[in-house]
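# coordinates for the following, if possible.
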Amino acid sequence: MKQTQSIFLTGYVTIKIEGHHPELFFDLCARNGIFTWNIKRTSDTVCQGNVRLNDISHIRAIRRNTVYKVRFLRKKGLPFIFKQFFYRKPLIVSLLMSVLFVFLLSNIVWDVKIKNVHPELEKRIDNQLNQYGIHPGALKFTIGSPGEIQQKLLTDIPELLWVGVTEKGTTYHLEGVEKTVVEEREDAGARNIIAAKEGVIVDMFVSKGQPMVEVNDLVKKGQLLVSGELGRKNVKEEEKKDEKKQQAKKLVTAEAEVIAKTWYESKVNIPLEVNYDVLTGENKVKHYLRLGKYLLPIWGFKNPDYDQVQIEAEESTFNFLKWEIPISYVKQNVQEKNIVSTKRTKAEAVNDGIKQAEKDLQNILGNNATITFEKVLHERMERGKVKLTLYFTVYENIAKNQPISQGD
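Coordinates of the predicted model:
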């Protein structure tokens, strides 16, 4: 019957009815909507059957209006099993202690294995991991994620080209690839040096090749600066006809540094009012257990009395044996911050705009370029911003290699 399919989960009781025509009591129960089953008559005055645990209170109410005696013979089902289990406190404590012990062991680092690096570098990696707190016996939720460990190792050990960090159960596996210093082979092929951009030659340092321009010459982009064709010069038409009279030409790899004055134009927008965040140094650390989408506070319950906050969170997962359980530890660092508003004058905005444009240009050109002059070409105010068009002159190396096609 469908009504008895889940009866074990809710629990049921076998009752014994004593009295004249005891089966009438079960008939009375049925009329009051109480479900009964396995009804057996053991004698003329005794009858027994099963009823649901939830119906016991109703059966007692019915019995009060009759002359029958009701006795409870057997109790079966999950509620009674739990009840018996919780009466055995030593067993419960032992079970909880065992689960906690296995849980603790599952979240301890038992081994760290490093592969594919020479012993000296392996020792350096091991020492660095110890500084991070990654060693046998460390709690896993106090350690960062494998990605964070990888980034730290690459930053702190320059000899590593790549390192892979894998967490397998209670063991961390690290596999590294060392940087190999490869000396750049000089290209033995003949080549010229041409101008990478337009400019005025300021200085030239030619170690190989024949200069084709001089200081103070204005050169265009792609113009030949130093030729890798030694003996190259302009010859007369009549000399071209006589091949024997032409000078022998030797091809070399031209090497030179050509410093030229170049020009750049930049546009920047500088607001007169600036808002930025400043950390006060005050902070409060809070600890949580994450259960799905919910955070359960375990320490640091009170929220700090800060008007503005900046929150940095670190999250670590928990394992039980080899499985990752859907519970994680979250550490939040709540820092107080203030929003500071400042207003600049137009002159200050122009000065800051020049510095910003100069810094941006220097980042693009690199440290070898030198900005020698700047000038404001155009300046205007619009919607609380100063809009500038700036002109810069730069001294930089414009030499660019170009292979010589030797053809036939």
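# tell me where the stretch 201-350 of the chain has helices.
For the stretch 201-350 of the chain, the helices defined by DSSP state H, counting those that start in this stretch occupy 237-241, 346-365.
# centre of the chain to the longest one, how far?
When you say that, I think you mean helix 346-365. 33 Å (C-alpha atoms, centre = their mean, to the nearest Å).
# quick check: buried residues in the following helix or strand past it?
Counting by DSSP states H and E, the next helix or strand C-terminal to helix 346-365 is strand 370-382. Residues 371, 374 are the ones in strand 370-382 that count as buried (16 or more other C-beta atoms under 10 Å). All C-beta spots, glycine's among them, are computed from the backbone N, C-alpha and C.
# need the contact partners of strand 370-382.
261, 265, 346, 350, 354, 357-358, 361-362, 386-396 (C-beta atoms under 8 Å, 6 or more residues apart in numbering).
# now list the buried members of those residues.
By neighbour count, with 16+ other C-beta under 10 Å, these hold 261, 350, 354, 357-358, 361, 386-388, 390, 392-396 as buried.
# which residues in the stretch 51-200 of the chain form helices?
Taking DSSP H, counting those that start in this stretch as the criterion, the stretch 51-200 of the chain carries its helices at 56-63, 78-87, 89-106, 119-131, 146-156.
# buried ones in the strand of greatest length in the chain?
Ranked by residue count under DSSP state E, the longest strand found in the chain is strand 323-343. Using 16+ other C-beta under 10 Å as the test for burial, strand 323-343 gives 328-332, 334-337.
# so what strands line up beside it?
Strand 323-343 sits in its sheet next to strand 273-291 (antiparallel), strand 309-320 (antiparallel), going by DSSP bridges.
# just the C-alphas of stretch 66-82, formatted as PDB.
Extracted in PDB, the C-alpha atoms of stretch 66-82 (Å, rounded to 0.1, in the frame of the first residue of the first chain):
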ATOM      1  CA  THR A  66     -14.100   3.700  25.600                       C
ATOM      2  CA  VAL A  67     -13.600   0.800  28.100                       C
ATOM      3  CA  TYR A  68     -10.700  -0.700  26.100                       C
ATOM      4  CA  LYS A  69      -7.200  -1.000  27.400                       C
ATOM      5  CA  VAL A  70      -4.400   0.100  25.000                       C
ATOM      6  CA  ARG A  71      -0.800  -1.200  25.500                       C
ATOM      7  CA  PHE A  72       2.200  -0.300  23.300                       C
ATOM      8  CA  LEU A  73       4.200  -3.500  22.300                       C
ATOM      9  CA  ARG A  74       6.800  -2.400  19.800                       C
ATOM     10  CA  LYS A  75       8.200   0.900  18.500                       C
ATOM     11  CA  LYS A  76       9.900   0.900  15.100                       C
ATOM     12  CA  GLY A  77      11.100   3.500  12.600                       C
ATOM     13  CA  LEU A  78      13.800   6.100  12.200                       C
ATOM     14  CA  PRO A  79      12.700   8.400  15.000                       C
ATOM     15  CA  PHE A  80      13.100   5.600  17.600                       C
ATOM     16  CA  ILE A  81      16.500   4.600  16.200                       C
ATOM     17  CA  PHE A  82      17.700   8.200  16.600                       C
END
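# give me the contacts around it.
Contact partners of stretch 66-82, identified using C-beta under 8 Å, 6+ apart, comprise 7-20, 22, 25, 28, 48, 53, 59-60, 63.
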